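> Next comes the sequence, and after it the predicted model I'd like to discuss.
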Amino acid sequence: MNQHGRKIVIVGGGIAGLCAAVYALKCGYQVELLEMHDMAGGLAMSWRRGPYTFETCLHWLVGSNPHGEFHTQWKEVCDIDRLTFVDPEEFIRIETSSGDSLSMFASVDALEAELLRRAPQDRAVIRDLISSIHALGKFRMLDPSGGFTGNWLNMLRDLPIFPVLSRLSKISGREFGKRFSDPLLKSFFSTGDIGKMPAVAMLISLAWMNARNAGYCIGGSQALIRLIEEKIAALGGKIRFGARAARILVEDDRAIGVELANGETILADWVVSAADGHATIFDLLGGKYADDATRKLYAERELFASYLQVSLGVGLDLSDQPPALSCVLDTPVMVDPETDLSSVMFRFFHFDPTFAPPGKTAVTSLLSTRNFKYWSSLRAGNLIAYRAEKDRIAETVIGVLKRRIPALAAAIETVDVSTPASVFRYTGNWQGTMEGWLPMPGSGFRPLPNTLPGLDRFIMAGQWVMPGGGLPSGPLTARPAIKTICKHDRVPFDVHPEHTRAEELVGV
Ligand SMILES: Cc1cc2nc3c(=O)[nH]c(=O)nc-3n(C[C@H](O)[C@H](O)[C@H](O)COP(=O)(O)OP(=O)(O)OC[C@H]3O[C@@H](n4cnc5c(N)ncnc54)[C@H](O)[C@@H]3O)c2cc1C
């Protein structure tokens, strides 16, 4: 390792901040990683209540397959092959109160058979969907830190599927869903934020699932986070918990360090912010380096919704349930004064033995809302009313599930409700958003600038510079951030991937 003595201070110990720390340490930088909480992960989080663990983040991790797209990138930041992945074949079932159902399968052949069973009248559109998934299976992600030299081969490989990519990037999930006459199929592509995003987002996800490259890792998102923390420790880095950055210190338009909420000053050669974008630009830097384009972006661009999470510890073996179940309701449920939902989704974590004792199941339900103000003002202004609202939501959600599984009524051992106010308190994410900027048809997933005009020695990483967010946005944004710093400092950017245990055994 090249020990040149330069120092980087990183704000935020979510996936992006952790990945930035690994890349920086590998390039010989001293790193001080500041995390305001007592544990790392940010949105990649789970929590324990009695014998149950409740996961908020992980549904699928792109790059789970050792031979698949994006696996090598994970190996640059941790020994991902130590994780155990599961790829449920039926990954979600959509069900009405009358028992009408549609199952979405990971393998594309099973999916085609199920869709044709369900909606033979939509044969032509189903065939188009399936052939698009096959085509998108060949998609190669471009590396934002690679430039033309690092990406030309992938661009060349993506050329034949460009027409499919381009067509599906321009239409929303909702427009795509409209082509089906079957109401459940229509709703799969149209509900919530999926309906607003470019259709290509869902279809590429289906292609990754078909390739078994979007698995769930046992232990949830924290299992991945812990691996990256281990890597940081092995490289001699340290994470400071309970260290809330209050100000990014600037001298002559050059970032020189960070002042913590307790008044302590940390000086460094570079400041990387992997914390919330809005707070970084408008609070930590006081808005001084926000030009018109940045202000317009934060004023106008749409975000992923926030959410309430109802988590239930259930003293029942629910392994006969699908991993995810979307219950379509006859009467919508009211989440808050501006939000009604016509379906409620449940996740039954029976496939993760670390989340509940044998014979019991951790169950969660996420309820989307964009009414962050309602929940944050209620919590700040009237804690009793806030708790009553949380109780009402829990009762509503339990009511929906009890109609589906009557035995549940007597088996609930733990109830936990978090709200958009909790998301903000624990991660600092603006408006309690679950994933930052919502990619829209046309504007898509194009990365945003990771520097601010007029400010030197400062760079951003994480979901606020990569619309669409997701765990891969950690390495995808941390890599170019540290590469830029290395280039500026004339330090070699040498971030070789981890060898897998299997490779070590055969001496690769
Ligand atoms: C419900 C849900 C489901 C999801 N499902 C998936 C999925 O299946 N697959 C997937 O790939 N992605 C999923 N995601 C998205 C993924 O979790 C996020 O996009 C990703 O974790 C964002 O990482 P980040 O590091 O950019 O930001 P964050 O996770 O927000 O990390 C920012 C960190 O900065 C810290 N911080 C903030 N301000 C300060 C400060 N002033 N001082 C010090 N520290 C500070 C925060 O505490 C936090 O730890 C999901 C997210 C949610 C909420």
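Yes, it's here. What you see is a predicted model, and the numbers here were worked out from it, not measured in a lab.
> and the residue of the stretch 351-500 of the chain nearest the ligand?
Residue of the stretch 351-500 of the chain nearest the ligand, by CB to the nearest ligand atom: Gly462 (2.8 Å). (Each C-beta comes from the backbone N, C-alpha and C, glycine too.)
> What residues does that residue make contact with?
Neighbour list for Gly462: 12, 14-17, 274-275, 277, 436, 473-474, 477-478 [criterion: CB atoms under 8 Å, 6 or more residues apart in numbering].
> Now do Ile161, the pLDDT please.
With respect to pLDDT, Ile161 scores 82.
> Please verify my assumption that it contacts Phe139.
Yes: the pair Ile161 and Phe139 passes the contact test of CB atoms under 8 Å, sitting 6.2 Å apart.
> Flag every residue of the stretch 401-508 of the chain that's near the ligand.
Counting by CB under 6 Å from any ligand atom, the stretch 401-508 of the chain comes close to the ligand at 427-429, 434-435, 462-463, 469-474.
> can you list the residues you listed in CSV and add distance to Tyr23, pLDDT and secondary structure?
Shown next, in CSV, are these (distance: CB to CB, whole Å; pLDDT from 0 to 100; DSSP: H, G, I helix; E, B strand; the rest coil):
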residue, distance to Tyr23, pLDDT, secondary structure
Thr427, 22, 98, helix
Gly428, 22, 98, coil
Asn429, 23, 98, coil
Met434, 25, 97, coil
Glu435, 22, 97, coil
Gly462, 13, 98, coil
Gln463, 17, 98, helix
Gly469, 19, 95, coil
Gly470, 18, 97, coil
Leu471, 16, 98, coil
Pro472, 15, 97, coil
Ser473, 14, 97, helix
Gly474, 10, 98, helix
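> May I see those residues organised as CSV, with distance to Thr369 added?
What follows is those, written out as CSV (distance: CB to CB, whole Å):
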residue, distance to Thr369
Thr427, 16
Gly428, 18
Asn429, 14
Met434, 11
Glu435, 14
Gly462, 23
Gln463, 19
Gly469, 18
Gly470, 20
Leu471, 23
Pro472, 26
Ser473, 23
Gly474, 26
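> which residues in the stretch 251-400 of the chain form helices?
Under the criterion DSSP state H, counting those that start in this stretch, the stretch 251-400 of the chain contains helices at 277-278, 292-300, 372-381, 383-404.
> out of everything not next to it in sequence, what's closest to Tyr52?
Spatial nearest neighbour of Tyr52, excluding adjacent residues (CB to CB, 6 or more residues apart in numbering): Gly313 at 3.8 Å.
> So the one you found is in contact with Pro357, correct?
No: Gly313 is beyond contact range of Pro357, at 9.6 Å (criterion: CB under 8 Å).
> Need the residues touching each of those two.
In contact with both Gly313 and Pro357: Pro51, using CB under 8 Å, 6+ apart.
> quick one, which of those two is more surrounded?
Gly313 (23 against 12; other CB atoms under 10 Å).
> Report the secondary structure state of Glu112.
helix (DSSP: H, G, I helix; E, B strand; the rest coil).
> how near is it to the ligand?
Distance, Glu112 to the ligand, by CB to the nearest ligand atom, to the nearest Å: 24 Å.
> which ones are touching that residue?
126, 130.
> hmm, try it at 6 Å
Ile130 (CB atoms under 6 Å, 6 or more residues apart in numbering).
> Gly219 falls within a strand, correct?
No: counting by three-state DSSP, Gly219 is not found in a strand; it is coil.
> where does it fall, phi/psi-wise?
The phi and psi values for Gly219, taken as degrees, to the nearest 10, are phi 100, psi -10.
> where's it relative to Tyr298, distance?
Distance from Gly219 to Tyr298, counting by CB to CB, to the nearest Å: 35 Å.
> can you tell me the residue of the stretch 51-200 of the chain closest to the ligand?
His59 (3.2 Å).
> helix, strand or coil for the closest residue to that residue other than its chain neighbours?
Excluding the flanking residues, the one nearest His59 by CB to CB, 6+ apart is Tyr216, at 6.9 Å. In three-state terms, and counting by three-state DSSP, Tyr216 is strand.
> Ok, the one 10 residues further on next?
Per three-state DSSP, the secondary structure class of Arg226 is helix.
> near the ligand, which residues of the stretch 201-350 of the chain?
Checking the stretch 201-350 of the chain against the ligand by CB under 6 Å from any ligand atom, the hits are 244-245, 274-276, 279, 307.
> Apply 8 Å and report the result again.
221, 243-246, 260-261, 274-276, 279-280, 283-284, 307, 309 (CB under 8 Å from any ligand atom).
> In strands only, show me those.
The strands, defined by DSSP state E, take in 245-246, 260, 307, 309 from those.
> Check Val164 and give its pLDDT.
Predicted confidence (pLDDT) for Val164: 87.
> Quick check: which element contains the closest residue to it other than its chain neighbours?
Counting by CB to CB, 6+ apart, Ala135 is the residue found nearest to Val164 once chain neighbours are left out, at 4.7 Å. Ala135 belongs to helix 123-136 when assigned by DSSP states H and E.
> Give the buried residues for the next helix or strand after that helix.
Next helix or strand after helix 123-136 toward the C-terminus (DSSP H and E): helix 147-158. Neighbour counts over helix 147-158 (16 or more other CB atoms under 10 Å) mark 151, 154, 158 as buried.
> Establish whether stretch 192-199 and the ligand are in contact.
No: counting by CB under 8 Å from any ligand atom, the ligand has no neighbours in stretch 192-199; the shortest distance is 10.9 Å.
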